[in-house]
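Asker: Kindly generate the corresponding structure for this input.
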Amino acid sequence: MSAAQKVALVGIMAATVECGKLVLAAVPNVEVVTLLLAIYGYAFGWLGILAAVVFVCIEPVIWGFGSWMVSYFIYWPLVAFVFLMLGRARVKNRFVLALIAVSLSALFGVLTSLVDVGLFMGRFDNFVYRFSILYMRGVPFYLTQIICNAVLFLTVFPFLSKKLLHFAKRK
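Answerer: Below is the predicted model of the structure:
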């Protein structure tokens, strides 16, 4: 694959992630970003991670800057990287892949709460108490995201990953 083709592929991947997020923006924590970045990391390796970084760089242009940017720069490339490693290990069991996706989704709530408390609360006294309150406020949203990803990874991931792996091998 030429450099131009790689740039185009990364652009297309980042655009589909952004479009998927925008389409579902009105439904709190129902998302396809995890699914798409996982598939891109799984099928296209490092180009999937690059697409995750491009996606994160596009986000503040649309939504403005916020504490979530710190979490996004950590979390979304991590999702693509974990699935890159699973792709290289040739893990195909959809239950294992779904369990890992659900675990990563649960990590997202912890990470965002840690970042918000650690960077933006201004004080570190009562850190555990502040973290607990902030995290518990988001539990209904985290559960929605976890359930959404469990369903998507059990049903959609096997089909899409097979198609994209076929495409990636043709390059």
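
Asker: isn't V33 right up against G20?
Answerer: Yes - between V33 and G20 a contact is recorded at 6.5 Å, counting by Cβ atoms under 8 Å. C-beta here means a position set from N, CA and C on the backbone, and glycine is covered the same way.

Asker: Looking at those two, which one has more neighbours?
Answerer: V33 (20 against 17; other Cβ atoms under 10 Å).

Asker: State the phi and psi torsions of the more buried one.
Answerer: phi -60, psi -50 (degrees, to the nearest 10).

Asker: per-residue pLDDT, it?
Answerer: The model reports V33 with a pLDDT of 97.

Asker: wait, G41 sits on L84?
Answerer: Yes - judged on Cβ under 8 Å, G41 makes contact with L84 at a distance of 4.2 Å.

Asker: quick one: common contacting residues for the two?
Answerer: Shared contacts of G41 and L84 (Cβ atoms under 8 Å, 6 or more residues apart in numbering): 48-49.

Asker: who's more crowded, those two?
Answerer: More neighbours surround G41 than the other of G41 and L84, with 29 against 22 (other Cβ under 10 Å).

Asker: residues contacting that one?
Answerer: 48-49, 52, 79-84, 87.

Asker: do that again at 6 Å, thanks
Answerer: With contact set as Cβ atoms under 6 Å, 6 or more residues apart in numbering, G41 has these partners: 48, 80, 83-84.

Asker: so where do the helices sit in this structure?
Answerer: In the chain, helices defined by DSSP state H lie at 3-23, 33-44, 46-63, 68-88, 94-120, 127-155, 157-170, listed in chain order.

Asker: Could you pull up the mean pLDDT of the fourth one?
Answerer: Put plainly, it is helix 68-88. 96.

Asker: Most distant residue from the centre of this protein?
Answerer: D125 (31.1 Å; Cα atoms, centre = their mean).

Asker: who touches it in this structure?
Answerer: D125 neighbours (Cβ under 6 Å, 6+ apart): none.

Asker: Number the chain from 25, please
Answerer: Understood, numbering begins at 25; the last thing we discussed is D149.
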